[in-house]
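**Student:** Compute the structure for the input listed below.
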Amino acid sequence: MKNRSTNAFSLAFLDVMFCGFGAVILFFMIINANTFERREKINYDITGEVRKLDIEILDAKKYLVELNNSMQEVNDELTETKGQTHEVIEKIKKEKIQLARLDKDTLAKLKSIESLKADLKSIEEESNRLEGGAEAQLEGDRLREFSGLGQRQYLTGLKMGGERILILVDSSASMLADRIINVLRFRNLPPNERVKAAKWQQVLYTVDWITTRIPSTSQFQIYSFNETVSTSYKESSSQWLDGSNGKHLNNALTNLFNTAPEKGTNLYKAFASINKLSPPPDNIYLLTDGLPTKSSSTNFGNTVSAKQRKKHYRNALEQLPGGIPVNIILFHMEGDPEASSEFWKLAQYTNGAFFSPSKDWP
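**Tutor:** Residues are numbered from 1 along each chain as shown. Now for the predicted structure:
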């Protein structure tokens with residue numbers, strides 16, 4: 001028997017090799033399948049994040065556009081405000097120039113008035129000497145004297161006398177000047193400067209003139225009013241003062257001369273205060289410059305129309321007791337044309353007198 005040669009690559013060896021190779025291929029296929037699934041999942045997650053970031057970027061761009069628009073609006077408003085500020089500054093400059101011109105004109109007029117007063121004084125001193133005898137009889141029972149430019153009672157038509165005389169003095173801010181622009185200028189001054197206003201000084205001297213003609217046998221009371229009512233003689237608010245008592249007269253006048261006009265005019269409260277006096281007055285002197293700007297209740301706002309002022313006046317008349325003569329001394333105010341007519345009617349209706357003095361009276 002011949003010896004056979006041994007073949008390393010027999011069928012059994014090939015079977016083993018192919019089985020091993022198949023196992024490797026199978027293993028590779030299993031691993032590759034899992035890798036694909038993980039890759040797809042990772043890609044899906046990354047794609048979601050990218051989309052989320054894209055949405056956030058889009059929202060941020062929209063917000064940026066809104067911010068830019070808002071910034072543009074703010075810039076436009078700032079530009080408009082700067083323009084308005086410039087206009088206001090220019091207006092203030094013009095107002096200052098106008099005020100300076102008015103101050104200059106006022107000073108010139110005051111100097112002219114002083115010159116005219118000096119001329120009138122010499123003329124009226126001569127007239128006083130001629131009327132000396134008659135005046136001595138008229139002044140015989142008076143406790144106070146009035147130093148002015150002569151005696152002008154014959155010009156007023158006011159009815160002097162009465163057993164109980166009430167003097168109502170408007171002390172609102174409008175009593176500082178005849179023109180609104182000057183009222184605005186004076187009302188911002190301190191009280192010690194407001195009392196020096198020319199119009200208010202004329203009012204005070206008019207009250208002084210009236211008090212020198214209060215009979216010694218009469219009683220009197222002086223009320224000043226703006227938005228509230230107060231008595232000039234602090235020791236007595238709702239009681240009559242003795243006309244023969246010089247202390248009462250002097251103290252009442254001193255307190256009134258120290259009163260600085262301010263606030264609005266409430267004629268309703270002024271007339272209502274008359275009802276607190278017992279017995280009631282039999283003669284009233286009302287010194288004012290126009291229809292009231294305040295009603296019975298508190299008003300809100302800084303402006304009042306002519307129609308509203310007339311309505312406030314009508315309401316105030318309801319508080320005025322009947323049967324008492326009301327003598328009106330009206331110091332004209334700019335922008336109140338109906339005041340003269342309304343107060344003249346009141347004087348006629350109550351059998352009183354209406355008088356509007358010139359700027360150099362009394």
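**Student:** which residues touch residue 271?
**Tutor:** Taking CB atoms under 8 Å, 6 or more residues apart in numbering as the contact definition, residue 271 lies against 316-317, 319-320. Just so you know, the C-beta spots here come from the backbone N, C-alpha and C atoms, and that holds for glycine as well.
**Student:** quick one: average confidence on stretch 63-73?
**Tutor:** For stretch 63-73, mean pLDDT rounds to 86.
**Student:** quick one: low-confidence parts of the chain?
**Tutor:** The chain contains residues with pLDDT under 70 at 1-11, 32-40, 122, 125-157, 159, 235-237, 297-302.
**Student:** Spell out the residue ranges of the strands in it.
**Tutor:** 164-170, 219-225, 229-231, 241-242, 283-288, 326-330, 354-355 (DSSP state E).
**Student:** residues contacting the closest residue in space to residue 274 that isn't next to it in sequence?
**Tutor:** The shortest distance from residue 274 to any non-neighbouring residue, by CB to CB, 6 or more residues apart in numbering, is to residue 321 (5.8 Å). Residue 321 is in contact with 274-275, 280, counting by CB under 8 Å, 6+ apart.
**Student:** list the helices and strands the longest helix along the chain packs on?
**Tutor:** If you go by DSSP state H, the chain has its longest helix at helix 11-130. When contacts are defined as 3 or more CB pairs under 8 Å, 6 or more residues apart in numbering; DSSP states H and E, helix 11-130 packs onto helix 180-187.
**Student:** Helix 11-130 and the helix it packs on, what's the angle between them?
**Tutor:** Here helix 180-187 runs at an angle of 100 degrees relative to helix 11-130 (axes from the mean of the first three to the mean of the last three CA atoms, to 10 degrees).
**Student:** which helices and strands does helix 180-187 pack with?
**Tutor:** Checking 3+ CB pairs under 8 Å, 6+ apart, helix 180-187 ends up next to helix 11-130, helix 191-194.
**Student:** Quick check: residue 290 touching residue 339?
**Tutor:** Yes. Shown here, residue 290 and residue 339 form a contact pair, counting by CB atoms under 8 Å, at 4.3 Å.
**Student:** Pull up the overlap in contacts between those two.
**Tutor:** Residues touching both residue 290 and residue 339 by CB under 8 Å, 6+ apart: 330, 332-333.
**Student:** Return the subset of the contacts of residue 321 lying in helices.
**Tutor:** Those of the contacts of residue 321 lying in helices (DSSP H): residue 274.
**Student:** who wins for neighbours among the contacts of residue 321?
**Tutor:** residue 274 (20 neighbours; other CB atoms under 10 Å).
**Student:** Surely it and residue 323 touch.
**Tutor:** No. If you go by CB under 8 Å, residue 274 and residue 323 don't touch, sitting 11.9 Å apart.
**Student:** Work out the gap between stretch 278-288 and the centre of the chain.
**Tutor:** On the basis of CA atoms, centre = their mean, to the nearest Å, stretch 278-288 sits 31 Å off its chain's mean C-alpha point.
**Student:** What are the buried residues along that stretch?
**Tutor:** 281-288 (16 or more other CB atoms under 10 Å).
**Student:** ok, so of those, who is nearest residue 25?
**Tutor:** Nearest to residue 25 out of the buried residues of stretch 278-288 is residue 288 (CB to CB; 120.7 Å).
**Student:** Identify the residue nearest that closest one in space, chain neighbours excluded?
**Tutor:** Per CB to CB, 6+ apart, closest to residue 288 is residue 170, 3.9 Å.
**Student:** go on, residue 195?
**Tutor:** residue 260 is the one closest to residue 195 (CB to CB, 6+ apart), at 5.1 Å.
**Student:** Tell me the spacing between residue 185 and residue 177.
**Tutor:** 8 Å (CB to CB, to the nearest Å).
**Student:** who's more crowded, these two?
**Tutor:** Neighbours per residue, other CB under 10 Å: of residue 185 and residue 177, the larger number sits with residue 177, 23 against 16.
**Student:** contacting residues for the closest residue to the more buried one other than its chain neighbours?
**Tutor:** Spatial nearest neighbour of residue 177, excluding adjacent residues (CB to CB, 6+ apart): residue 183 at 4.8 Å. Contact partners of residue 183, counting by CB under 8 Å, 6+ apart, are 173-174, 176-177.
**Student:** Max pairwise distance over the buried residues of stretch 278-288: which two?
**Tutor:** 282 and 288 (20.5 Å).
**Student:** Per the annotation, how does this structure divide into domains?
**Tutor:** The chain breaks down by automatic domain parsing into domains covering 32-130, 149-355.
**Student:** any idea which of those domains is most buried?
**Tutor:** With neighbours defined as mean count of other CB atoms under 10 Å, the domains of the chain peak in mean count at domain 149-355, which reaches a mean of 18.
**Student:** how far does that domain sit from the chain's center?
**Tutor:** The answer for domain 149-355 is 22 Å, by CA atoms, centre = their mean.
**Student:** Then stretch 15-35?
**Tutor:** For stretch 15-35, the distance to the chain centre is 100 Å (CA atoms, centre = their mean).
**Student:** same deal with stretch 62-72?
**Tutor:** How far stretch 62-72 lies from its chain's middle: 41 Å, per CA atoms, centre = their mean.
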